[in-house]
Every structure is written in structure tokens, then in C-alpha cells.
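**Student:** Let me see the structure of the following:
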Amino acid sequence: MPNYKRATLSIWLLALVITLVSFVSAGQNDIDGLRIWPSPTSTRIVFDLSESPKYSYFTLSKPDRLVIDLDNTSGEFDFQQITNNSKLIKKIRHSTAKNKQSIRVVIELSKKLQINIFPLPPTAPYRDRLVVDLNDKDKQPPQVLLSTNTGSSSRDIIVVVDAGHGGEDPGSIGGAGSYEKDVTLSVAKKLAVLLNKEPGMRAIMTRTGDYYISPNQRPALARKHNADLFVSIHADAFTTPQPNGASVWVLSVRRANTELGRNLENKERLSELLGGAALLTKDTDNEPWLAEALLDLHMDSSITTSYDLGRLIIKQLKGVTRLHKRTPQAASLAVLTSPKITSILVETGFISNPREEKNLNWSKFREQLAQSIFIGIKQHLRKAPPDGSLWAKLKRDKRTHKVRSGESLSLLAQRYNVRVSQLKEANNMHSDVVIIGQILTIPRI
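**Tutor:** Coordinates of the predicted model:
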């Protein structure tokens, strides 16, 4: 074959290859699914994609809309099949694309919203994703109210209960397909019920449904509600099924020192963390040193009391499940970074262990876990009730009585004008039997 014919054929083949590659790449991405995760103050939309997205977006008003152009994307995904329980989204639909190699998605909004869009790389069990966060800046989370059943002006003890993971973040996944996010929410709800039934205590949950909250937002919610305790519920996992048992974690000193440095560099953040104490550090030559000292004291106190609380909860967990660690462990955990709040993270067991996964899916076992954590919290608060709380008032006003021969619980209740149930509660008693020489706490109600 002559050389010029070979050259012509080569050029023709090269042009054909380029054309084919361009044709294939033009439709290389697809929308495989769409998930909508509403929360009380925001909504997250997640596009499941076959490849990493190339996108652009803009907003329109009157009516409010978010328009997203996905480049090199093919397919006509049926948005009508998606369940939409969000009050912020009216409708999601297709519109005329800017070119044949892309698609245009229009999200009709109920009002003007704060919008954040970002891609996420593949993480089990998901592939590539495009995340759209819609935040309603006018919507406020439920406010904390003083208890109405204590008969006292003393404030409630606020316990923030944090159910780990949520929404498109499933957490660890068990061999039978159980999601950590479902286990944690169930245990957290049961714990919140127990706390809210206790006079002088109130539970605030970081999430009440299946939606995502970032790890940094969780302690921020606790600070916003002036919480006394922060309890984060999780389930552990490992690459092999053998590890098992529950554990309790507190903030490591290294993480505490790192957070201390970050907070000192951020004046707005420092004011938020120190509260009224931040006023003491203003307009003084020693401002940096005083602020560091205050934060350092808060950190030390928080870690110490968190460790004490963790020990009491571990003691209770020992009665219902195996322990992975018999003492509280320290780790660099983002959810435990509030310097003025006693904070712990409870690993309820290994969801990667078949036996424990089965237990964690058993409602009765979850109730036992919640009860164990609840009892540990009560024991801790009896010893060290927060200032200004009803429990602190009861501790100041408490009376004691040494049981003598011939005395009974009902007789003592009549003598001190309290109910038998109140006597039993104050002394953590499970029967009406008293023993000669026993020291009883007499509550002032």
C-alpha cells in the first residue's frame, strides 16, 4: 500500500476513535437514585451518580428555584417516584438542558433558603454523590423549657442525647445489613423518654429522625441549649466479626489541647464557648492568657467529670452486655469538644459481630442499654448536681434518718410527710424492707 494511503487511513482511524471516545464520554454519568432527608430546620438532597459529577448551578426567584446543570450526564431519571416529605421542597423536575450532553434539574423551593452544594466520593454503601443542603435560617429548633412538674423554680438539668450518624450517613453496617444510624436513634429515643420522665431533668435530642447532622454541629447544639451533659450513642465495628462489647469514650487531652488553641484564635468562637466569662477577658493586657486559663480549667473539669460519668455507666452496662473496655477510653472525637459540658460517647456494642448485631436489633436489649445509661447518669448527678438545678436544691435540703427497731418505711414516710415512693426513689430502693441501722435520705418535697 502506498505511504500516502496508509497516512490517510491512519488519520481516518484516529478521527473515528476520537469521535467514538467523545460519543461515549458525552453520556458517561447517570443519576442512579435520589434521596431526600428532611430535618426540623433543613433538608438534604442526595443525588446518587455513576461517576464523579461535573456541575454548575444558579438560583431563580419569584418563584424560588434552584437550577443544577449536570455535565456529561445522560438519562431521564423519574423524579416523581421519589417520596418528598420536606416542607422546603415543592417539586423536583427536569428542564431544558443547556446542551445535548447534559441534563438540567430544577428544584422548586417553598421559600428563599441558604444553599450549599458539594460532591462526595464513594463510601460504602454509596457510590459518587452530589449533595444539596437547604437551610431555613428562619426556622429555629425547639426551645428548652423549664419543667412544669417539679413545683419549684429550680431549673431542669439539660441532657443532650446524640444519636450518631443519620440520613445518607449510615455509620457502621452489620453483616445482616443493620445500620448503626437506626440502632443509635432507637437507643437515644428510649434514653430521652427515661430522662423526660424524671422530675428535674429534660432531654434534648440532636436528631429525632433519619437525617444528617455534622459532628461539629452536635456539640454546638448542646452549647446552644446550655446543656449540663452530652451523651452520644454509637455502635462499634471492625473488619473481622470477632471483637465485641460495649465501651465509653471521653475526649483525649491531645484533642482538648488542639481545640484550646483553635478556640483562642477565633474570638467569636471563644465568646460562644466561655459565655459570660468571656467578658472578663476583654480590654485587658492579659486577655490571651486569661482566656487560655479559663478554657483550660473548663477542659480539665469537663474531662474529669466525663471520666467519672463514664465509669458509672460502664458499671451499669456490665450488667446487660459484655464490655470491650472496662474503663473509659480517651480519643480525638469531634462530638466531645464542648469545654464546659460533661461529654461522653457510648459504644453500645459491635454491629460487625453477628451475635451483638442480633442483640442490637432486639428492642428489649435497646431498652436495657438505655436503662443502664440512664441509671449511670442519675448516679452521677446525685453526687454532683449542676448549680441552680432542682437536684442541687434537693441535695442541699436533704435529711437523713437512722433506722431504729420497730420502724418501717411507711411509718417513716408518715413521720416526715413524704410518700413511700419518694423515700424509695431518694434511696434507690427496690423493696419496702428497711434494716436496723440503715441510713436513709429523707427528701424535702
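**Student:** Domain map for the chain?
**Tutor:** Per automatic domain parsing, the structural domains of the chain span 26-135, 157-385, 398-442.
**Student:** Assess the claim that Gly164 and Ile233 are in contact.
**Tutor:** Yes: using Cβ atoms under 8 Å, Gly164 is in contact with Ile233, at 5.9 Å. Where you see a C-beta, it was placed from the backbone N, CA and C, and this is true even at glycine.
**Student:** tell me, what's touching those two both at once?
**Tutor:** Thr184 (Cβ atoms under 8 Å, 6 or more residues apart in numbering).
**Student:** which is the next helix or strand following the helix or strand Lys90 falls within?
**Tutor:** Taking DSSP states H and E as the criterion, Lys90 maps to strand 89-95. Downstream of strand 89-95, the first helix or strand assigned by DSSP H and E is strand 103-109.
**Student:** now that following strand against strand 89-95, angle please.
**Tutor:** 160 degrees (axes from the mean of the first three to the mean of the last three Cα atoms, to 10 degrees).
**Student:** what's strand 103-109 packed up against?
**Tutor:** Counting contacts by 3 or more Cβ pairs under 8 Å, 6 or more residues apart in numbering; DSSP states H and E, strand 103-109 is packed against strand 65-70, strand 89-95.
**Student:** got a pLDDT number for the closest residue to Ser186 other than its chain neighbours?
**Tutor:** Take Ser186 and drop its neighbours on the chain: the residue closest to it by Cβ to Cβ, 6 or more residues apart in numbering is Arg366, 5.2 Å away. For Arg366, the pLDDT comes out at 97.
**Student:** In three-state terms, label Arg366 for me.
**Tutor:** Of the three states, Arg366 takes helix under DSSP: H, G, I helix; E, B strand; the rest coil.
**Student:** what's near enough to touch Val67?
**Tutor:** Val67 touches Tyr57, Phe58, Thr59, Leu60, Ser95, Arg104, Val105, Val106, Ile107, counting by Cβ under 8 Å, 6+ apart.
**Student:** ok so the second one is a strand residue?
**Tutor:** Yes: residue assignment for Phe58, taken from three-state DSSP, places it within a strand.
**Student:** Would you mind measuring from it to Ile107?
**Tutor:** 12 Å (Cβ to Cβ, to the nearest Å).
**Student:** who's more crowded, those two?
**Tutor:** The neighbour count for Phe58 versus Ile107, taken as other Cβ atoms under 10 Å, is higher for Ile107 (24 against 9).
**Student:** Tell me how far the nearest residue to that one once chain neighbours are set aside lies from Val131.
**Tutor:** If you skip the residues right next to it in sequence, Ile107 has Leu66 as its closest partner in space, 4.3 Å away by Cβ to Cβ, 6+ apart. Using Cβ to Cβ, one gets 13 Å for the distance from Leu66 to Val131.
**Student:** Give me the more crowded residue out of the two.
**Tutor:** Ranked by neighbour count (other Cβ under 10 Å), Leu66 and Val131 place Leu66 first, with 21 against 18.
**Student:** any idea which helix or strand carries Thr43?
**Tutor:** Per DSSP H and E: strand 42-49 holds Thr43.
**Student:** Can I take it that Tyr307 is in a helix?
**Tutor:** Yes: if the criterion is three-state DSSP, then Tyr307 is within a helix.
**Student:** OK, contacts around it?
**Tutor:** Contact partners of Tyr307, counting by Cβ under 8 Å, 6+ apart, are Val250, Pro328.
**Student:** Using PDB, write out the CA atom coordinates for stretch 227-235.
**Tutor:** Output of stretch 227-235 as PDB, limited to C-alpha atoms (Å, rounded to 0.1, in the frame of the first residue of the first chain):
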ATOM      1  CA  ALA A 227     -26.600  21.600  78.300                       C
ATOM      2  CA  ASP A 228     -25.200  20.000  81.500                       C
ATOM      3  CA  LEU A 229     -24.500  16.700  79.900                       C
ATOM      4  CA  PHE A 230     -23.900  15.500  76.400                       C
ATOM      5  CA  VAL A 231     -24.300  11.800  75.700                       C
ATOM      6  CA  SER A 232     -23.500  10.500  72.200                       C
ATOM      7  CA  ILE A 233     -24.800   7.000  71.200                       C
ATOM      8  CA  HIS A 234     -22.900   4.800  68.700                       C
ATOM      9  CA  ALA A 235     -22.300   1.200  67.700                       C
END
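**Student:** ok, Trp56 touching Ser102?
**Tutor:** Actually, residue 56 is Ser rather than Trp. No: under the criterion of Cβ under 8 Å, Ser56 makes no contact with Ser102, lying 9.3 Å away.
**Student:** Leaving aside the residues adjacent along the chain, what's closest to Gln114?
**Tutor:** Asn135 (4.1 Å).
**Student:** quick one: contacts for that neighbour?
**Tutor:** Counted by Cβ under 8 Å, 6+ apart, Asn135 has contacts Thr41, Ser42, Leu113, Gln114, Ile115, Asn116.
**Student:** Could you report the separation of the first one from Leu194?
**Tutor:** This means Thr41. Distance from Thr41 to Leu194, by Cβ to Cβ: 26 Å.
**Student:** what's the answer for Pro354, then?
**Tutor:** 29 Å.
**Student:** The two: which is more packed in?
**Tutor:** Neighbour count, other Cβ under 10 Å: between Pro354 and Leu194, Leu194 has more, with 19 against 14.
**Student:** if I look at that one, how far off is Lys111?
**Tutor:** Leu194 is 38 Å from Lys111, by Cβ to Cβ.
**Student:** Then Leu134?
**Tutor:** Counting by Cβ to Cβ, the gap from Leu134 to Lys111 is 10 Å.
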